[in-house]
Each structure stands twice: as C-alpha cells, then as structure tokens.
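# Only the shape, not the letters, is given here:
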C-alpha cells in the first residue's frame, strides 16, 4: 500500500520528475452526501458534495435541506423513500469543479448500494469526454468511511493541511484542516517540495484513492432491521431473520454491500461488539508487535486490565488502556510489569497507531452515545476520531439509534 507520509509520496514523485519543470496543477474533490460530510464541513475541507434525495409526502428534499430528526419523525407513520442524484445534478457539479481546477477526483458511495455511481459514470463522460481530467472512484463503502477517504485525499492533495481534531462539535473538529491551501475556489493546491509544485498524475491519484478504498472498514449498529429491510440494501433472508427476533444487528461492509455480522441481544453488547471488531482489525493491520488495543480474543482469555466504563457503551470488564501483544513466533514480548522498558515500547506502539489509523463515529440521533464511543476510542488508541451525524437519506436506511464506527488504515 502507498505509505501514509505524503512527503514521502511527493518525494518519490519528484525523484521521477523534476518538480520545477512541472506546471502547477490543482485538484478539486467531489463526493456525495452519503459521506456524512455536512455543508459546513464541505466548505471547511474545500470539497463539493452532491446531495442525495429524500422523497417524503410526495415532496423531493435534498439531504442538505432536511434533518435526520425530521425523516425519523415521519417514519413513525410511513418510511420515506430515497433517491440518488441525477446525471444532470452530478454533471453540473463536475463542470463547476472543472472550471476551477485542472483535475477533478470524484469519490462516491458503493455502486452496489445505489444507482448513483452509474449516474456518475454518465456525468463524467459528458463532462470529460477524453477522460483526461477526471478520476472517478467507486469507494465500495458509504457513510463516514467514505468521509474518511475524502478527508485523507484532502490531506494528500492539499498543502499545509493540519489536523486540529476536537470532538466539541463538528466545526471545531475541522477548523484549520484546509484553510492553508484553500484559495476560496474549492480547488486544493497540490503539495510542494522545496517551494516547487509536485505533480500528481491522474494515475497516481487514482491508485492512491483505490489503495485507501481497500484500507477502509466500517461497522454499523442498528437498533432494529426495519429501515434496512425497507430500503432493500441488505440480504432479504437475513433481514427477515432479524425482524422475527428481538435482536440488534451489527453490520459490516463486505465487497461493497452491507452484510449482517452479528445479532446482539442488547444494545450494550452491540456497542461492545462494534468496538471489538474495530480493535481486531487494527491489531490485524498493525505493523508493531506491541499494539495498545483490546481484541476479542484478549478479552475472552482474560488478558485485559479492567477499568470502569459507562454501561451505555460497554461493560466494566472491558479494558480501556489494556495492551495485547500479538503472538509472533520468535519474538520477545516486553514485560510491562518490570520497569519502564515495556511502557516505552507501549508508547511507541501508540505513536505508530496514531500515525496509521483514522477513525470516525457516525450517528443518526444518539449524539451522546456517539461521544462516549469517541471517548473510548481516544483512550484506546490515542487518536481523535471524527464525529459526525449521518445524512437524512442514510438515516432512512439505518433507522433510529443507528451508529457506525469507521476505520481507515494508512
């Protein structure tokens, strides 16, 4: 996979092509509202977001014009329907982006979840018949997982990007991420090396975006399967099974579509399962043998240090800052009970995790629970997750109480 250090990527590019001899190029990024990127965040990141639609009482609403709370209130009587953006709507946004930047990267929700990607292909052919200025990528995901991919591409294609992560609200969380390189046009200036512009070719940008897609994961917790079954985005047999039982499903994104991962008896168990699933993925992908996370296997085998937690998120027997060492043949595992040597290695593992993991928590209407999940993730991984509310169209497929944890390893 392409390494996360954008300066290394830029340097390797400059090694192949003298930066000073390459004409300045700019990139604009377009995505859709399934990414959980609000209009305000889109302005702050410098990206364009195409709205999906909610059809309620015969009226067509854009995601940016209606809230999760409004559609859920109406769902108590009748669940509204959703619709993708049209080819014309997508083409209009692409054309504006092409007017303001040399190239456009369009990242959209999974083609297996919506007709939107097919519409995007048609719009891209209309706006860039020669196929020379646009890069269109199927994210094979949606929600905050797509949002994380978009944010990472902002980091790569922008200069001077910095993270001032904060969970005291979306605005504070994103302040300053792109202000250094957004000239107000919506175009992101490419990274520079020694004051010279570094050139990212279409192929390089497409490869990088596809690598991030492959590194993306998302787990979704639903209070019930009613909305998901109504939307038709999950396996019908699994939906019928869950609908007939008083269980709370956790879903995962698998090959571009939602799949039932677990059926949990309680919401507390569901949230614990979501955290454990993310922990297992981080351990699986961690390059460091000392990984400061709790895996399901460690929890079940008692290799955890107990700390108290809020019951609404997880049981008190789960560990906050516990450490699990991967069992690798021939490797010495540090003894953290003897002096500071083990602690230093744990700190090194935390630093490695912080540099290679991006996390997000997305919620439909349970903001307080989402904040508790964010606190838990911050304690476990020393990472500040992005917290965001789902789009109204997403809420109609997840239902009230819906939560998602997204992971991007870079």
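Ah, there it is. On a predicted model such as this, the values are computed, not experimentally measured, just so you know.
# I'd say residue 210 and residue 137 touch.
Yes: the pair residue 210 and residue 137 passes the contact test of C-beta atoms under 8 Å, sitting 6.4 Å apart. Every residue, glycine included, has its C-beta placed from N, CA and C.
# Comparing those two, which residue is more hemmed in?
For the pair residue 210 and residue 137, the greater number of neighbours falls to residue 137 (21 against 16), based on other C-beta atoms under 10 Å.
# where does the more buried one fall, phi/psi-wise?
Phi and psi for residue 137, reported as degrees, to the nearest 10, are phi -130, psi 130.
# Next up, the contacts around it.
105, 106, 107, 108, 206, 209, 210, 213 (C-beta atoms under 8 Å, 6 or more residues apart in numbering).
# Does anything pack onto the helix or strand harbouring the fifth one? Which helices or strands?
Translated: residue 206. Using DSSP states H and E, residue 206 sits in helix 202-214. Applying 3 or more C-beta pairs under 8 Å, 6 or more residues apart in numbering; DSSP states H and E, we find helix 202-214 packed against strand 103-108, strand 134-138, helix 143-157.
# Determine the number of other residues adjacent to residue 202.
15.
# wait, what's in contact with it?
Residue 202 neighbours (C-beta under 8 Å, 6+ apart): 103, 132, 133, 135.
# buried subset of those residues?
Buried members of these, counted by 16 or more other C-beta atoms under 10 Å: 103, 133, 135.
# closest to residue 157 among these?
Nearest to residue 157 out of the buried ones among the contacts of residue 202 is residue 103 (C-beta to C-beta; 9.3 Å).
# quick one: low-confidence ranges for the protein?
Within the chain, the ranges that satisfy pLDDT under 70 run 1-24, 158-199, 227-245, 287-354.
# now do 90
Flagging of the chain using pLDDT under 90 yields the residue ranges 1-26, 75-78, 156-201, 223-249, 255, 257-263, 283-356, 382, 410.
# max-length helix in the chain?
Counting residues, the longest helix found in the chain (DSSP state H) is helix 267-285.
# re the thing from before, output the helices and strands packed on helix 202-214 as CSV; include the columns distance to residue 251.
Below are those laid out as CSV (distance: least, C-beta to C-beta, whole Å):
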stretch, distance to residue 251
strand 103-108, 20
strand 134-138, 19
helix 143-157, 11
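# Which one, of the ones you listed, ends up nearest to residue 41?
Closest among the helices and strands packed on helix 202-214, using C-beta to C-beta: helix 143-157, at 8.4 Å.
# for the strand or helix carrying residue 120, packing partners?
For residue 120, the host element (DSSP H and E) is helix 116-127. For helix 116-127, the packing partners by 3+ C-beta pairs under 8 Å, 6+ apart come out as helix 87-100, strand 103-108, strand 134-138.
# Any idea which of these gets closest to residue 57?
Comparing those under C-beta to C-beta, the one sitting nearest is helix 87-100, at 21.6 Å.
# Give me the buried positions along that closest one.
Result for helix 87-100 [16+ other C-beta under 10 Å]: buried residues 87, 89, 90, 91, 93, 94, 96, 97, 98, 100.
# Then stretch 112-130?
Per 16+ other C-beta under 10 Å, stretch 112-130 contains these buried residues: 112, 113, 114, 116, 117, 119, 120, 121, 123, 124, 127, 128.
# which residues are in contact with it?
Counting by C-beta under 8 Å, 6+ apart, 32, 34, 52, 84-88, 90-91, 94-95, 98, 104, 106, 108-111, 131, 134, 136, 138, 140, 142, 233, 255-258 sit against stretch 112-130.
# Just the buried ones from those?
Buried by 16+ other C-beta under 10 Å: 32, 34, 52, 84-87, 90-91, 94, 98, 104, 106, 108-111, 134, 136, 138, 140, 142, 233, 256-258, out of the contacts of stretch 112-130.
# any chance you could map the strands in the stretch 301-410 of the chain?
For the stretch 301-410 of the chain, the strands defined by DSSP state E, counting those that start in this stretch cover 324-325, 357-363, 386-389, 403-409.
# JSON lines for the ones you listed, including distance to residue 285?
Below are the strands of the stretch 301-410 of the chain laid out as JSON lines (distance: least, C-beta to C-beta, whole Å):
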{"stretch": "strand 324-325", "distance to residue 285": "14"}
{"stretch": "strand 357-363", "distance to residue 285": "8"}
{"stretch": "strand 386-389", "distance to residue 285": "19"}
{"stretch": "strand 403-409", "distance to residue 285": "5"}
